[in-house]
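> show me how the following folds:
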Amino acid sequence: MINIIYFILVSIGILFSGYRLIKGPNHFDRVVSLDVINVMIIGVLVVIAIIAKNEMLIDVAIAYGILGFLETIVFAKFLEVRS
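Residues are numbered from 1 along each chain as shown. I've put the predicted structure just below:
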C-alpha cells in the first residue's frame, strides 16, 4: 500500500515538473525542472530495486544520475554561451 502511494505522489511530482519544463518562464526554470525529474526517476529506480531485491537497478540509477549531472552541466554551458 505504501508503494502505491509513493508512486502516485512521485507521478504527480513528475507531472508538475513536466508542466514547468514545458511552460517555464525562462530557460533556467526548464533546466531545474529537468533536473528535478531526473532526481525523481532515480528515486523510483532505487525504490524498485529495493522492492525487487535487484542490485542491478542500483547501478542503473547511479549511471542515470551521472548522465543527469552531465546533462545539467551541458545545458548550463549552453545557456552561458548563449547569453
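> contact partners for residue 79?
27-28, 31 (CB atoms under 8 Å, 6 or more residues apart in numbering). For the C-beta atoms, the positions are set from N, CA and C on the backbone; glycine is no exception.
> buried residues in the host helix or strand of it, which are they?
In this structure, residue 79 sits in helix 56-82 according to DSSP states H and E. Using 16 or more other CB atoms under 10 Å as the test for burial, helix 56-82 gives 57, 61, 65, 68, 75.
> check contacts around the nearest residue to the last one once chain neighbours are set aside.
It refers to residue 75. What sits nearest to residue 75 in space, not counting adjacent residues and going by CB to CB, 6 or more residues apart in numbering, is residue 31, at 4.8 Å. Residues counted as contacts of residue 31 (CB under 8 Å, 6+ apart) are 72, 75-76, 79.
> sorry, back to before: give me the mean pLDDT for the helix holding residue 79.
Average pLDDT, helix 56-82: 93.
> please state the offset of it from the chain centre?
Distance, stretch centre to chain centre, for helix 56-82: 10 Å (CA atoms, centre = their mean, to the nearest Å).
> stretch 3-12 too?
Here stretch 3-12 shows a centroid-to-chain-centroid distance of 14 Å under the convention CA atoms, centre = their mean.
> mind listing residues that contact it?
Residues contacting stretch 3-12 (CB under 8 Å, 6+ apart): 40, 43-44, 47, 51.
> what do you get if the cut-off is 10 Å, keeping everything else the same?
Residues outside stretch 3-12 that contact it (CB atoms under 10 Å, 6 or more residues apart in numbering): 40-41, 43-44, 47-48, 50-51.
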